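Enquirer: no letters, just coordinates:
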């Protein structure tokens, strides 16, 4: 969706909201400011629980600018409507939430309204957080109030009229916000319900993994059918999952907490931060999330299972007795062919030495027949990886892949992507590859040229 | 047989298309600056510039370089006529063993070519793909800043034909 | 030993300033001498302590050769490892000879040309070789002056030396070159030398730019990796997948038919390919690796509980300090245990060697730290007399101790013997370097101490558990090729390195004055993981421990950590060094720790006999992530007479950054069979995002005092200063290396 058409639709539909609902619905009382809380007054156990919830909710991921102080905001969040900057949620009186009471915090989480009564943009996923319990909000609040206060004002949002007019969001809320606490499903296990609470609420997985409508709201009827995150495609994680080897509770659990799984590859792009955060929360919570997501995906068909089993059977053995390391992590590459398909030649000469080496994931290049990127509707993630690679995770063990954007022409990237799609998936040929290449190059240049301050070592593994 | 342009000169290379550029530079052209460090694109010792962008020559197959312009450290200057960045690394004594330095210099050069006044953060971020084991990083940073200054003054002097 | 390839060597000579090392010379020039026969040591009155390596070979012309044309060549048995030694040695020689530096040529470590100075290690180069060359230069100059006095018939006191010319007041002069024919320079050094006045020194005490840097920043041939011999072929080895792996089967027929492949070498489980082009050799190596079938045996300890394994290993115990004096009673007692994992040298350039067998002699070009020991090992492996092997040092990538360099030299020699006449260039792959280099050993230390009521330490009890820190060649069994060949040679049994330098117990003896002190070295002979010397040896861990524990004691005594150290030091130079670092850092004005910011201090004298190094540091840690940033490090170093102050600064800066990388990130990983940290994704080291914001090094120059090695002085203090700053910032003491972000985050107890 181009920005212009989106804008036009938004403008039309929201007109009603602006006229009809704004006056009444958008009015929210200011909640009285409170004096800065003494961090010592918070129960350390509550703070600790809040830290885990913050990890489950990826709060720092959006509320920390590259190279900025944690939770001090300023991170640009690109949306189809313009750029929104995450706010400072450290307890700074002037620029953060220093004067917020628990009631103000809870109202923001549930209704998308700040302490002073202004509407917040739903880039802040209050449509999910509305399900977070009172207790969890109190813990999260205690955690944020005990962070070092940082004075930092986020840049003004870059949104066109009328979207820069916050009251119109009242109309959006009327249409799309279903408030209310999480409703457990008594027919399901306690673990399923815990997983549902985390995935639907604080974890806000659907914010990326569900498609959005013209007004930027998640299409509830197509929940988890795949969406978008920071220029990456967030894969389908419902029954239509395209994973070549069907996911299981165990593989999801391992992937979410470790950031990789041998049959599914490594979590990169925006998903990397999610798995980094989940590596720090109790294993039982990650397992519960895995149970719920596996249930969303349902039981794979016999055909999917057979296909997956065949792929697994075809993998080289790893570990003791296997080949890599005695001669390097790259072993025998494909024979160089004077292939008439230029994509095949590119793969053989530039990719195969790692991706055919048999060195296991996460440090070896994944066997591409296992890669969901090649099964997706869009070549976006594949192209990001080809262009930018996977940079080192500073100071930590982690997979690395060199980017090839500087040496491959747009045409060569397209040839390679087309060849890989045809060879490693049974899905139809991609279209629109060229525009995806341009977008990926732009993203990599922005990262390169922005002169953004360095992000210091910022992740840990369990 | 493939044509390869390195430091402005065309060469005819007879090597398999999967041969990494690194080995073509070192074996066929007898050049020294690009170094084998890992062969995996993890350390940066092999870095050269292709059409203005720093690349790892150890994982770039020859077949991708038809019609491209490759620049190596040898192409920037000589001991007798060092380029600004070479001059800067000498002035700052920015080497211990020096094995990583040629690659560092090439990525820094590519940065300076597109951003003549980089901040300290720009330089650190740009050099993130590069490893130095001797711990010469502080001097490398200083040398890149110094190179920016030298390029600046050379640029100003250029109309007079200084460089 | 005239070689037909001398011409090409000339083309390969390092270009640049005139004084560069003639590293690639393949044959000794006619004028160069074989090393003098080592005289009866009982007849040599010179000592290592006072006269450096002249105690090994006292003949002046073993160190300096002046020919009739006046050209001067300096011979050192030490090697340039990127530490700048080639420049510093020439500074010393030029000053004492009264010659401009560009008139000198330096020849380093070559069994065909230089004295046997053992290893270039332990921060000994200036102490041993620098001292020898300085004395030899001074005495040779005096001999030439005496000779000139006779020739010109004037008293010695009326002669002045300048630019290699000796002149009278009235201007009559004679050049060195004109005197060498009539002056006997093949004489032994005298115990006492007449050094030039400090004020007359032109090069020493000043930061002369390094001679090797211009070639390194312009793409000149500067490393062994850049050597090319005519007709040279490229080799690669295929190593077993794990230490104990046995080759079950291998069919090489297909590999021998691969493009460019000239030979597949197989000797036991030593496997190699030789090809015309380098990438052909790599492809053949991959195919060879894929063709080999191995059976493997689990032999490695449980990495999840490494300290317990270390402390449970069979030990030979050495009580290395047992001192008891009158003292106040102890009122406060502390104890703590510290641990270190295996850590890797991790050279950026994998090991490389060239070798050629010609007329029965194998010449090996190697970046080993010890050409003579390497020659002995290679000769032992090939079962030939040492005279049939010549080892020539050529600089490589920084090694930081015993890495794969010697093994690569052995590999190349074994391959060269299989292909007589053909020059062979062998380079290891990244994964081979990571998996097969000998690591710095895992260690455990325990410290107990008692404070009296005034805050003084009255009782000190210290134990260190460690493998040996040197499995360097000596015996051929130290070489991987010798271990893997059919008639394999087992590694020699390990032995502890003797004090005062020590190995695992290096710096285990406290530098502080304690009335009662016990120190125990638990030497562990079993080595399931291949280990050897890594920069600083045991000093890294012992200084980490002692200086961390001193901080804990200062905290318990409620005394400022710097004041606490000063109260226990009695060496005035140590006190100066500590005070200088504290002053330059602004220790007394430092901010109180808050919001993850903290400061720390640490000090050590390397080996308790080399350079002094004190470091103060300010850090910041993000509580939420455990990310650490070194905001400022300020070091003071006293290396005696500072021949090249900037060279010392460069070494200490490097030590701080490298040791910070070891301390924060590094840990060799393995399963029960294989080393699994085999590249930079599995063995992460410091990248630019973790580089300190500022590092200042202040050199205390003490002209006229002996040179003290500085190359390793910063490793231990850096580890401790980080731990101390972290403790200040978080309130938690971390004692298990590495101090990873996960541990730092845990220290905040969120």
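Expert: Perfect, I can see it now. No experiment lies behind these values; they were computed from the predicted model shown. Residues are numbered from 1 along each chain as shown, chains lettered A, B, ... in the order given.

Enquirer: for the helix or strand residue A:295 falls within, buried residues please.
Expert: Element membership for residue A:295 (DSSP states H and E) is helix A:283-297. Judged by neighbour count (16 or more other Cβ atoms under 10 Å in any protein chain shown), helix A:283-297 contains these buried residues: A:285-297. Heads up, the C-betas are built off the backbone N, CA and C, glycines and all.

Enquirer: how about the residues of the stretch 351-500 of chain C near chain B?
Expert: Contact residues, the stretch 351-500 of chain C versus chain B (Cβ under 8 Å from any Cβ of the partner chain): C:395-398, C:400, C:427, C:429-430.

Enquirer: which of those fall in helices?
Expert: Using DSSP state H to define helices, the subset of these located there is residue C:430.

Enquirer: which residue ranges of chain B form helices?
Expert: In chain B, the segments counted as helices under DSSP H are B:21-23, B:84-91, B:101-114, B:120-126, B:137-157.

Enquirer: just name the most buried of those helices.
Expert: Counting by mean count of other Cβ atoms under 10 Å in any protein chain shown, helix B:21-23 has the highest mean neighbour count of these, with a mean of 27.

Enquirer: excluding chain neighbours, what is closest to residue C:322?
Expert: residue C:518 (5.8 Å; Cβ to Cβ, 6 or more residues apart in numbering or on different chains).

Enquirer: just to revisit the earlier point, how about JSON lines for the helices of chain B, with distance to residue C:588 added?
Expert: Shown next, in JSON lines, are these (distance: least, Cβ to Cβ, whole Å):
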{"stretch": "helix B:21-23", "distance to residue C:588": "53"}
{"stretch": "helix B:84-91", "distance to residue C:588": "35"}
{"stretch": "helix B:101-114", "distance to residue C:588": "38"}
{"stretch": "helix B:120-126", "distance to residue C:588": "29"}
{"stretch": "helix B:137-157", "distance to residue C:588": "26"}
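
Enquirer: worst average pLDDT in those?
Expert: Lowest mean pLDDT of the helices of chain B: helix B:137-157, a mean of 92.

Enquirer: who does that one touch, helix- and strand-wise?
Expert: Helix B:137-157 sits against helix B:84-91, helix B:101-114, helix B:120-126, helix C:645-665, with contacts defined as 3 or more Cβ pairs under 8 Å, 6 or more residues apart in numbering or on different chains; DSSP states H and E.

Enquirer: just the helices from the stretch 1-150 of chain C, written as ranges.
Expert: In the stretch 1-150 of chain C, the helices defined using DSSP state H, counting those that start in this stretch lie at C:6-12, C:48-51, C:85-97, C:125, C:131-152.

Enquirer: closest one to chain A among those helices?
Expert: Minimum separation from chain A across the helices of the stretch 1-150 of chain C (Cβ to the nearest Cβ) falls at helix C:6-12, 28.3 Å.

Enquirer: average pLDDT for that closest one?
Expert: Model confidence over helix C:6-12 averages 32 on the pLDDT scale.

Enquirer: ok so, going back, helix, strand or coil for the residue nearest to residue C:322?
Expert: strand (DSSP: H, G, I helix; E, B strand; the rest coil).

Enquirer: contacts only, for the residue nearest to the spatial centre of chain C.
Expert: Nearest residue to the geometric centre of chain C (Cα atoms, centre = their mean): residue C:121, 4.1 Å. Residue C:121 is in contact with C:369-370, C:401-402, C:533, counting by Cβ atoms under 8 Å, 6 or more residues apart in numbering or on different chains.

Enquirer: mind redoing it with 10 Å?
Expert: Contact partners of residue C:121, counting by Cβ atoms under 10 Å, 6 or more residues apart in numbering or on different chains, are C:78-79, C:81, C:369-370, C:399-402, C:470, C:472, C:533, C:535, C:537, C:709, C:711-712.

Enquirer: please apply the same query to residue A:202.
Expert: If you count contacts by Cβ under 10 Å, 6+ apart, then residue A:202 has A:52-59, A:109, A:125, A:128-129, A:131-133, A:136-137, A:140, A:182 around it.

Enquirer: do residue C:743 as well
Expert: A:460, C:626, C:664, C:726, C:730, C:732, C:734-737.

Enquirer: now, which of the buried residues of helix A:283-297 sits nearest residue A:89?
Expert: Lowest distance from residue A:89 to the buried residues of helix A:283-297 (Cβ to Cβ) belongs to residue A:285, with 21.9 Å.

Enquirer: you'd agree that closest one is up against residue A:52?
Expert: Yes: the criterion here is Cβ atoms under 10 Å, and residue A:285 meets it with residue A:52 at 7.7 Å.

Enquirer: give the residues shared as contacts by those two.
Expert: If you check residue A:285 and residue A:52 against Cβ under 10 Å, 6+ apart, no residue is contacted by both.

Enquirer: what does the model give the nearest residue to residue B:76 once chain neighbours are set aside for pLDDT?
Expert: Among residues not flanking residue B:76 along the chain, residue B:83 sits closest, at 3.9 Å (Cβ to Cβ, 6+ apart). What the model reports as pLDDT for residue B:83 is 97.

Enquirer: go on, residue A:130?
Expert: 97.

Enquirer: distance of the residue positioned nearest the centre of chain B from residue B:26?
Expert: The structure's chain B has its C-alpha centroid closest to residue B:106; by Cα atoms, centre = their mean the separation is 2.0 Å. Distance of residue B:106 to residue B:26, given as Cβ to Cβ, to the nearest Å: 15 Å.

Enquirer: hang on, the earlier thing: let me have the helices of the stretch 1-150 of chain C in CSV, adding distance to residue C:329 as columns.
Expert: Formatted as CSV, those follow (distance: least, Cβ to Cβ, whole Å):
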stretch, distance to residue C:329
helix C:6-12, 70
helix C:48-51, 40
helix C:85-97, 50
helix C:125, 47
helix C:131-152, 47
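
Enquirer: which of those is buried the deepest?
Expert: Of those, the one with the most neighbours on average (mean count of other Cβ under 10 Å) is helix C:125, at a mean of 31.

Enquirer: what is it packed up against?
Expert: Helix C:125 makes packing contacts with helix C:85-97 when contacts are defined by 3 or more Cβ pairs under 10 Å, 6 or more residues apart in numbering or on different chains; DSSP states H and E.

Enquirer: would you agree residue C:590 is in contact with residue C:616?
Expert: Yes: counting by Cβ under 10 Å, residue C:590 touches residue C:616, with 8.2 Å between them.

Enquirer: shared neighbours, those two?
Expert: C:582, C:599-601.

Enquirer: count of neighbours near the closest residue to residue C:209 other than its chain neighbours?
Expert: The shortest distance from residue C:209 to any non-neighbouring residue, by Cβ to Cβ, 6+ apart, is to residue B:93 (6.3 Å). A count of neighbours around residue B:93, defined by other Cβ atoms under 10 Å in any protein chain shown, yields 21.
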